[in-house]
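>>> Using only what follows, build the 3D model:
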Amino acid sequence: YIGRSSGPGGIQFVYGDGPRDCVTFQSFFPEEGDMFMFPSWLKHWVAPYRSDCTRISVSGNFHDSAPLNNIVNIAPKLLKNKSHNYKHNSKRNKKSTFRKKNALKVPKHKSQKNKKIKTDPITSEIIRNSLNSAAEQMKKALVRSAFSPIIYEVLDFASAIYDKNYCMLSQSPSLPGFMGTLSFCVEQAVKEVGGEENIFDGDIIIYNNPYGSGSHSQDAALVKPVFIENKLIGYTAIKAHWLDTGGKEPYSTDTVDVFQEGTIYPGLKLYKKGKLEEDIFKLIKANSRVPKAIEGDLNAQLNGIIAGANALKRIVNKFGYELFYASVLEIYEHGEKLVRKSLQKIPDGTYSGFGQMDSNGVDEGVVKFKISIEVKGSDLILDFTDAPDQQNGPINCPLPSTVSKARVAFSMMAGNGEQPNEGFFRPLIVKTKKG
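Residues are numbered from 1 along each chain as shown. Down below sits the predicted model:
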């Protein structure tokens, strides 16, 4: 498969038996006459010219000076004699998804009532890489404008794009512990301001409640709903560590409740229809020992979510709303199949692990814990019900952070090095208990 990258002037080449098996070479910015050779076993040669044209070889047949915007159109013709028909035939187990109630559904419009939107692997792969690129743009905008080294050096943040049902479209690599945690954060932030019917174009929500974000209150999230022609198409969100939010210390490791950690913003509109709420902005700065750093990092987060929102709108406008979301379903299917293929290699059974901590940070005494993993076909059940009861010190994990840590390990084990999306987490079931 051959597609065009979302980057300006770049060329992307994708080849394989389908999205899950393809080899991707991307981000080319060639000079005239530059040659690029695929691995020999692919039997492909590619000789790019400049960014407005390229030269493609399939089984020895060269096609010269093909405009980039026509590559998607000519690729199926180039491959018409090859058996590269990728079909999604796996039977998805809906019970395997932790967030099955949020399964994305393509809205039915008048133009769509009596016809099914046709997708193809090339378009789906281009959209997937475009979404990953958009999340990376969010990350770059944040890192390059942040005031605090804990953001631009340590990368203590998460930046991601979600569909309107809080399913993860893409997340840029940063702190591993934040993998997938923003889905809970975005959903709860929207709920706190009155739900989807009470959010509008230009709104930006600030949220840092630990029980909804999965982090201590110093990890503050900004959530931006994204609209096209007054239609909600998704969300961009960045959660980043702030140096101080007015806790008993700038960074506490012996707190006994969330109030000692800092000020809690339980879902407030920092911007309403594009207008800054000055009173809330003043309150945020007043509750910090380092107000200039907080202001700078907050503005950096604004840069990131706005960059992501603009990128998401460009993608949807380019492909159209219906085709975009139909392709998103294919992307989720691809992610699910990828991890299920890895899980099927693990023998069925129950596996247990044990560990301990020297103390809970406040009280003396070892804290022991046990985790069980059950593998059933291509489903994986992670059981935390034998974990210790709630502790007096700051080592407790709310549900979002418990699920997030499970997703980190799961992606590392079964993700095959791919950048994850919501489909990756469908085979994962997390069992836990209150406290």
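
>>> list the helices and strands the helix or strand hosting Lys282 packs on?
Lys282 belongs to helix 278-286 when assigned by DSSP states H and E. Helix 278-286 is packed against strand 266-272, helix 291-319, with contacts defined by 3 or more C-beta pairs under 8 Å, 6 or more residues apart in numbering; DSSP states H and E. Any C-beta I mention is one placed from the backbone N, CA and C, and that applies to glycine too.

>>> mind listing what's buried in the last one?
Going back to what we said before, that points to helix 291-319. For helix 291-319, a neighbour-count test (16 or more other C-beta atoms under 10 Å) marks 293-294, 296-298, 300-309, 311-313, 315-316, 319 as buried.

>>> Over to stretch 164-174?
By 16+ other C-beta under 10 Å, the buried positions in stretch 164-174 come out as 164-172, 174.

>>> Flag the shaky bits of the protein, pLDDT-wise.
Scanning the chain for pLDDT under 70 picks out 1-115, 435.

>>> could the buried residues of stretch 164-174 be laid out in CSV, adding secondary structure and distance to Met413?
Below are those laid out as CSV (DSSP: H, G, I helix; E, B strand; the rest coil; distance: C-beta to C-beta, whole Å):
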residue, secondary structure, distance to Met413
Lys164, coil, 30
Asn165, coil, 26
Tyr166, coil, 24
Cys167, coil, 21
Met168, strand, 18
Leu169, strand, 22
Ser170, strand, 20
Gln171, strand, 17
Ser172, coil, 21
Ser174, coil, 20
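
>>> I'd like to know which of those is nearest to Ala189.
Closest approach to Ala189 among these (C-beta to C-beta): Tyr166, at 10.2 Å.

>>> Dihedrals phi and psi, that closest one?
Here is the backbone geometry of Tyr166 (degrees, to the nearest 10): phi 70, psi 30.

>>> Next, give phi and psi for the residue nearest to it when sequence neighbours are not counted.
Leaving out its chain neighbours, the residue that sits closest to Tyr166 by C-beta to C-beta, 6 or more residues apart in numbering is Glu187, at 4.5 Å. As for Glu187, its main-chain torsions (degrees, to the nearest 10) stand at phi -60, psi -40.

>>> Tell me the spacing between Val226 and Thr253.
Shown here: Val226 relative to Thr253, a distance of 37 Å by C-beta to C-beta, to the nearest Å.

>>> These two: who's more crowded?
Comparing Val226 with Thr253 by other C-beta atoms under 10 Å, the one with more neighbours is Val226, at 24 against 10.

>>> That one belongs to a strand, doesn't it?
Yes. Assigned with DSSP: H, G, I helix; E, B strand; the rest coil, Val226 falls within a strand.

>>> now the end-to-end length of stretch 410-430.
This stretch, stretch 410-430, spans 11 Å end to end (C-alpha to C-alpha, to the nearest Å).

>>> Please point out which parts of it sit buried.
410-411, 414-415, 418-430.

>>> Among these, which ones are in strands?
428-430 (DSSP state E).

>>> Verify the stated contact: Tyr235 with Tyr166.
Yes. Under the contact definition of C-beta atoms under 8 Å, Tyr235 touches Tyr166, with a separation of 7.5 Å.

>>> so what sits against both of those two?
Each of Val186 lies in contact with both Tyr235 and Tyr166 under the rule C-beta atoms under 8 Å, 6 or more residues apart in numbering.

>>> Now do the same contact list for the residue nearest to Gly212 when sequence neighbours are not counted.
Spatial nearest neighbour of Gly212, chain neighbours left out: Gln188 (3.4 Å); criterion: C-beta to C-beta, 6+ apart. Contacts for Gln188 (C-beta under 8 Å, 6+ apart) come out as 207, 209, 212-213, 267.

>>> How is Gln188 assigned, secondary-structure-wise?
At Gln188 the chain is in helix, as set by three-state DSSP.

>>> can you tell me how far it sits from Met357?
Taken as C-beta to C-beta, the span from Gln188 to Met357 is 28 Å.

>>> and if you look at Glu330?
For Glu330, the distance to Met357 (C-beta to C-beta) stands at 43 Å.

>>> just Cys167 next, same as before
Going from Cys167 to Met357 by C-beta to C-beta gives 34 Å.

>>> now do Asn416
Note on Asn416: its distance to Met357, by C-beta to C-beta, is 32 Å.

>>> go on, Ala221?
As for Ala221, its distance to Met357 is 27 Å (criterion: C-beta to C-beta).

>>> again, but for Ala146
The gap separating Ala146 from Met357 is 32 Å, by C-beta to C-beta.

>>> Compare these two (neighbour count), which wins?
A count of neighbours by other C-beta under 10 Å puts Ala146 above the other of Ala146 and Met357, at 23 against 15.

>>> Pull the contacting residues for the residue nearest to that one when sequence neighbours are not counted.
The spatially closest residue to Ala146, leaving aside those adjacent along the chain, is Ala300, at 4.1 Å (C-beta to C-beta, 6+ apart). By C-beta under 8 Å, 6+ apart, the contact set of Ala300 is 141-142, 145-147, 151, 240.

>>> Can you tell me which of these is nearest Ser183?
Of all the contacts of Ala300, Ser183 sits closest to Ala240, with 16.9 Å by C-beta to C-beta.

>>> Nice, that's everything, thank you.
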